[in-house]
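Chemist: Okay, here's the prediction I keep looking at, along with the sequence it came from:
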Amino acid sequence: MELPQPALLSALADAGREHPGFTLRQSATAVALLREQGDSGPVTGVRARTPDGDLVVRAALTVAADGRFSKVREMSGLPYEKQPLDRDVVWLRLPFPEEWDSHTYRIRIRGGEHGLFIPTHPDSVRVGLNIPKGGLKDLRAQGLGALHERLDRLAPELSTTVRKEVKAWSDTSMLDIFTTVVPRWSMPGLVLMGDAAHTLTPILGQGVNHAIIDAVTLAPLVGEALADDSAAALVRAGEEFQRSREEAVRRSRALQLRQERLFALDGRLGGLARRSLYRVVDRNQALQQKVLARAYFQVQEPGPVVAPRVVRQPAGRP
């Protein structure tokens, strides 16, 4: 299920309010990391800017969950490698068409053009149209009609809707496509998670899945470390978190990069090879499972945080 970010964040905030000591500060931007001993010492919190003035938050552990353009990662000085890809994506949201089922993630390809069509709760479809890297300026110069016509070619069933819903470029957004490899996800007093630790591309909607699994994995490790009440235990928790998650992220990134290479195939032979491969995968459930399951549809074993929420059958029932 694809959830809009505001709905997901609202659900997380509501769940947080059930816990003693939880505080949510909105419209606050982290502008500096607090350090114990100058720029090289352990992180002890953040300084944030709010509409009411600066705010200082001191913490045994600061978690950077601020996405692909993570400011906290930059401020930490943790090294990383950014790998730009050959395309960007124009995003837009449309009402879900009646003739589609809401359980199918669609990829439409026509020559060098392709689009992603992702069912989004409760009643919309998120559309991602590929453009050449840095090509937004050229597309805008052609006028909004060029965007409408591109969608006509890929999904004619959305032609009427896109003209009603997308009447200005402000009804769209652009995503700069790149991946980021961060050799170390943590340092004393700080841990990165989600796209801040391992930026992925939009292919197969991997980013949010991995961020949620990161959180489920990290939370019990941090809980145990805080119970131990030592800085060394928190450092070990960050290291164990990366060890347990790194391989799954690597598999997903490899799958995404293979998909990116397939999308880049052009010409008659390239298109034929791509269509043939997709048709084979589409018709073979065993192959789908082998290709996708370990990288995408990951099964997260319940840990201390989620185990109490598992619904158990009454005694005597199978």
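Modeler: Done, it's in.

Chemist: Just give me the longest helix of this structure.
Modeler: What stands out as the longest helix in the chain, according to DSSP state H, is helix 231-264.

Chemist: on contacts alone, who are the packing partners of the helix or strand just after it?
Modeler: As assigned by DSSP states H and E, the chain's next helix or strand after helix 231-264 is helix 267-283. Contact analysis of helix 267-283 by 3 or more Cβ pairs under 8 Å, 6 or more residues apart in numbering; DSSP states H and E lists strand 106-110, helix 231-264, helix 285-292 as its packing neighbours. C-betas here are computed from N, CA, C, even on glycine.

Chemist: which of those is buried the deepest?
Modeler: For those, the largest average neighbour count (mean count of other Cβ atoms under 10 Å) is found in helix 231-264, namely a mean of 17.

Chemist: Just list what that one packs against, helices and strands only.
Modeler: strand 81-95, strand 173-181, strand 186-187, strand 190-192, helix 206-228, helix 267-283.

Chemist: Can I get whichever strand or helix holds Arg126 in CSV, CA atoms only?
Modeler: Here Arg126, judged by DSSP H and E, is contained in strand 124-132. Provided in CSV are the C-alpha atoms of strand 124-132 (Å, rounded to 0.1, in the frame of the first residue of the first chain):
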residue,chain,number,x,y,z
SER,A,124,-5.3,8.5,-6.1
VAL,A,125,-2.5,7.4,-8.3
ARG,A,126,1.0,8.8,-8.1
VAL,A,127,2.5,9.3,-11.5
GLY,A,128,6.2,9.6,-12.2
LEU,A,129,7.3,10.5,-15.8
ASN,A,130,11.0,10.1,-16.7
ILE,A,131,12.9,13.0,-18.3
PRO,A,132,16.6,13.3,-19.2
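
Chemist: What average pLDDT does that strand get?
Modeler: Mean pLDDT, strand 124-132: 92.

Chemist: if we can go back for a sec, please state the mean pLDDT value computed over the longest helix of the chain.
Modeler: Over the span of helix 231-264, the pLDDT mean works out to 89.

Chemist: tilt between it and strand 173-181?
Modeler: Angle between the axes of helix 231-264 and strand 173-181 is 120 degrees (criterion: axes from the mean of the first three to the mean of the last three Cα atoms, to 10 degrees).

Chemist: show me what contacts Ala59?
Modeler: By Cβ atoms under 8 Å, 6 or more residues apart in numbering, Ala59 lies in contact with 44-46, 189.

Chemist: still on that earlier bit, redo the helices and strands packed on helix 267-283 as TSV? Include distance to Gly21.
Modeler: As requested, those are exported to TSV (distance: least, Cβ to Cβ, whole Å):
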stretch	distance to Gly21
strand 106-110	44
helix 231-264	17
helix 285-292	40
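
Chemist: if we can go back for a sec, what's the closest of the helices and strands packed on helix 231-264 to Ala13?
Modeler: For those, the distance to Ala13 is smallest for helix 206-228, at 13.9 Å, taking Cβ to Cβ.

Chemist: picking up where we left off before, next, give me the two most distant ones among the contacts of Ala59.
Modeler: Val46 and Gly189 (10.5 Å).

Chemist: Spell out which residues are contacts of both of those two.
Modeler: With Cβ under 8 Å, 6+ apart, Val46 and Gly189 have common neighbours 59, 62.

Chemist: Pro122 falls within a helix, correct?
Modeler: No: counting by DSSP: H, G, I helix; E, B strand; the rest coil, Pro122 falls outside a helix, being coil.
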